[in-house]
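structure of the sequence below:
(chains A and B)
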Amino acid sequence: MTGTTSRLVLPRYLQEQDGQRTPVAFDGYRSTGLRAPLRTPVDLPHRLTEITGPVLGEDRVTAGDADLTLRAGGEAQGQRIIVFGRVLDSGGRPVPGALLEIWQANAAGRYRHVVDNWPAPLDPHFDGLGRVVTDSLGRYEFTTVKPGAYPWGNHHNAWRPAHIHFSLFGQAFTQRLVTQMYFPDDPLFGQDPIFNAIPPAARHRAVAGFDLGRTQPDWALAFEWDIVLRGTEQTPFETDDDGDVA
Amino acid sequence: MAFEHDSPLVQDADETNERRPGTPRRGTGFLDEPLTLRTTPSATVGPYLAIGLTWPDGADAVAPGTAGEIWLRGTVRDGNGDVVPDAMVETWQADPDGRFAHPDDPRGSATTPGFRGFGRSATPGGEFAVRTLKPGPVPDGEGGLQAPHVDVSVFARGLLDRVVTRIYFADEAGANATDPVLAALPEDRRATLVAQRTEDGYRLDINLQGDAETVFFAV
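A predicted model of the protein is given here:
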């Protein structure tokens, strides 16, 4: 090995096209007005800091985190559902060992949070927090209740469609994703600026599919949602100055 | 003749994309362009992020009590100059040797005991705080060095995707002067990324908008 190996050929994470990803700001979503940056972001070439990221997995998960219906010694109210799917990158490769953090409102559409005080009941047996790690094939699954819709102050008679919040790290800083999963055919989609901020071509990718085959008879309905993180253009290796693989 | 396939990937592919997985190619028999699945669109973290994203050890990019520990602090402000009390700030950085706690670091993963390199902080009163070690210089991949820096993600109600910035350090003026990322910025905007020394570490405020809007990056 010589000093020339300091030239690192690093994976480059592909960026989704503009019309296929959510912009930071959206006119109909009032809170973006004073918060979304106004200047054009500066391109940051992917170097070591961007192609690495926190390695988080089972150490962040405790027993029972994958079943949100059994908390505080009792059973949550609501329609019991299984949410499952795969985490893949845009090259179609499964992302194994990936931490998913999820949170949601209860069946009545109320969050267990100090700033949520609309008059819907809290559920003593539902805290709305789940964590799971994908298996070796990138698969995840958790059990919960279907969250309710809830009103919010964005515009007159605004209601959020039922949704579950997801947070994922993938394996690199560039792959970080925080998003929301919706349920099929929700009649509230049309008036929701957070859903409609997603470009039309990409909206279906935020909506889970109902899967009769995965329902558990006499127990729970099932919804499938695959999550696709950004993939890489090439795999990492080192070259010397002649371009030979070191 | 119709091409038949049973790849599960095809079902998820954008049907308008001619390069979708499973598309037959003439000639080599190999896919010569990357497979493409469209990515999942982002959404705002919303106002209730504390339910799902609170960690008791979130602020600890390094274990408490580690020699050399510092606090990175700052206030997140909106376009009115008001503090943003419901954001989340995440940090990712190398250790003092310039290595990352990650298997893809081609020089080997960081070996500093207790070093995670990742911090996550809520912003009560607008202020974030992360316990960490000051990073060392990091190779730029082209034979040079980047100045010590921390990659930062900011999530909040009102941001439909995270925004990304960096923290550099005021007492690294020499390294900062040759850093390729800082050098590519207009001189009068570089200061928005440079943290100042404090009693227990460094401070850099993050302005989402305004005259002093922080430089944000597309990654």
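
in chain A, where is pLDDT below threshold?
A:1-6, A:234-246 (pLDDT under 70).

assumed A:Glu50 was part of a helix.
Yes - using DSSP: H, G, I helix; E, B strand; the rest coil, the assignment for A:Glu50 is a helix.

pretty sure it is in contact with B:Val219, am I right?
Yes - counting by CB atoms under 8 Å, B:Val219 is a contact partner of A:Glu50 at 5.7 Å. For glycine as for every other residue, the C-beta is placed from the backbone atoms N, C-alpha and C.

ok, A:Ser136 - contacts?
A:Ser136 is in contact with A:Pro94, A:Pro96, A:Gly97, counting by CB atoms under 8 Å, 6 or more residues apart in numbering or on different chains.

buried subset of the residues you listed as a PyMOL selection?
Here is the PyMOL command that selects the buried residues among the contacts of A:Ser136 (16 or more other CB atoms under 10 Å in any protein chain shown):
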select buried, chain A and resi 94+97
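
closest to B:Gly117 among the contacts of A:Ser136?
A:Gly97 (17.5 Å; CB to CB).

SS state for the closest one?
Here A:Gly97 is coil, with the state taken from three-state DSSP.

would you confirm that it contacts A:Asp59?
No - A:Gly97 is beyond contact range of A:Asp59, at 11.0 Å (criterion: CB under 8 Å).

Serialize the contacts of A:Ser136 to JSON lines and add fields for distance to chain B.
Converted to JSON lines, these look like this (distance: CB to the nearest CB, whole Å):
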{"residue": "A:Pro94", "distance to chain B": "10"}
{"residue": "A:Pro96", "distance to chain B": "13"}
{"residue": "A:Gly97", "distance to chain B": "11"}
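
residue 191: how many residues sit nearby?
Since no chain was named, I'll use chain A. By the measure other CB atoms under 10 Å in any protein chain shown, the count of residues near A:Gln191 is 16.

actually it's chain B I care about, not the one you picked
Look at B:Ala191: counted by other CB under 10 Å, it has 14 neighbours.

where do the strands sit along chain B?
B:70-77, B:87-93, B:118-122, B:127-132, B:138-139, B:145-146, B:150-156, B:163-169, B:194-197, B:201-203, B:206-207, B:217-218 (DSSP state E).

looking at the ones you listed, which is closest to B:Ala184?
Closest among the strands of chain B, using CB to CB: strand B:217-218, at 10.4 Å.

next, see if the closest one gets close to chain A.
Yes - if you take CB under 8 Å from any CB of the partner chain as the test, strand B:217-218 does meet chain A, through B:Phe217, B:Ala218.

what touches both of A:Glu50 and B:Val219?
A:Tyr13, A:Leu44, A:Phe173, A:Thr174.

do I have it right that the third one meets A:Leu44?
No - the pair A:Phe173 and A:Leu44 does not pass the contact test of CB under 8 Å, sitting 10.0 Å apart.

who does B:Arg120 bridge with?
B:Glu90 (DSSP bridges).

any residues touching stretch B:163-174, and which ones?
Contacts with stretch B:163-174, where a contact means CB under 8 Å, 6+ apart, come from A:24, A:36-37, A:41, A:44, B:72, B:91, B:134, B:147-154, B:176, B:179, B:181-182, B:193-197, B:202, B:204, B:206, B:208, B:214-219.

list the buried residues of stretch B:77-96.
So for stretch B:77-96, counting by 16+ other CB under 10 Å, buried means B:77-79, B:83-84, B:86-96.

same thing with stretch A:224-233?
For stretch A:224-233, a neighbour-count test (16+ other CB under 10 Å) marks A:Glu224, A:Trp225, A:Asp226, A:Ile227, A:Val228, A:Leu229, A:Arg230, A:Gly231, A:Thr232 as buried.

and the end-to-end length of that stretch?
Length of stretch A:224-233, first residue to last, CA to CA, to the nearest Å: 28 Å.

what do you get for stretch B:68-81?
Counting by CA to CA, the terminal residues of stretch B:68-81 are separated by 33 Å.

and that stretch, what's its mean pLDDT?
Here stretch B:68-81 scores 98 as its mean pLDDT.

can you check stretch B:126-141 too?
Averaged over stretch B:126-141, pLDDT sits at 97.

ends of that stretch, what's the gap?
Using CA to CA, the end-to-end distance of stretch B:126-141 comes to 36 Å.

what of stretch B:129-140?
Rule used - CA to CA; the end-to-end distance of stretch B:129-140 is 27 Å.

in chain A, which spans are helices?
For chain A, the helices defined by DSSP state H occupy A:48-51, A:193-196.

buried stuff in the last one?
Looking back up the chat, that one is helix A:193-196. Per 16+ other CB under 10 Å, helix A:193-196 contains these buried residues: A:Pro193, A:Ile194, A:Phe195.

the longest strand in chain A is where?
From DSSP E, the single longest strand across chain A is strand A:80-89.

what's the offset of that strand from the middle of its chain?
Distance of strand A:80-89 from its chain centroid, counting by CA atoms, centre = their mean, to the nearest Å, is 10 Å.

check stretch A:199-211 too.
Using CA atoms, centre = their mean, the offset of stretch A:199-211 from its chain centre is 13 Å.

stretch A:90-109 too?
For stretch A:90-109, the distance to the chain centre is 5 Å (CA atoms, centre = their mean).

same question, stretch B:68-86
How far stretch B:68-86 lies from its chain's middle: 16 Å, per CA atoms, centre = their mean.

what of stretch A:205-214?
15 Å.

cool, stretch A:52-62 as well?
16 Å.

who's in contact with it?
Applying CB under 8 Å, 6+ apart, the contact partners of stretch A:52-62 are A:97-99, A:101, A:131-133, A:169-176, B:55, B:92, B:100-105, B:116-118.

any of those residues buried? List them.
Applying 16+ other CB under 10 Å to these flags A:97-99, A:101, A:131-133, A:169-176, B:92, B:100-102, B:104-105, B:116-118 as buried.

low-confidence regions, chain B specifically.
When residues are selected by pLDDT under 70, those of chain B lie in B:1-35.

and it, what are its domains?
Following automatic domain parsing, chain B resolves into domains at B:1-40, B:49-207.

can you list residues touching both of A:Phe173 and A:Leu44?
Taking CB under 8 Å, 6+ apart as the contact rule, A:Phe173 and A:Leu44 both touch A:Glu50, B:Val219.

dump the residue contacts of residue 147.
Unless you meant another one, I'm taking chain A. Residues near A:Pro147 by CB under 8 Å, 6+ apart: A:Gln104, A:Ala105, A:Asn106, A:Ala107, A:Gly109, A:Ala162, A:His163, A:Ile164.

other chain: chain B
B:Ala147 sits next to B:Pro137, B:Tyr168, B:Phe169, B:Glu172, B:Ala175, B:Asn176, B:Thr178, B:Asp179, B:Leu182 when contact means CB under 8 Å, 6+ apart.

now the two most distant members of those residues.
Maximum pairwise distance among those (CB to CB): 14.1 Å, between B:Phe169 and B:Thr178.

fine by me, thanks again.
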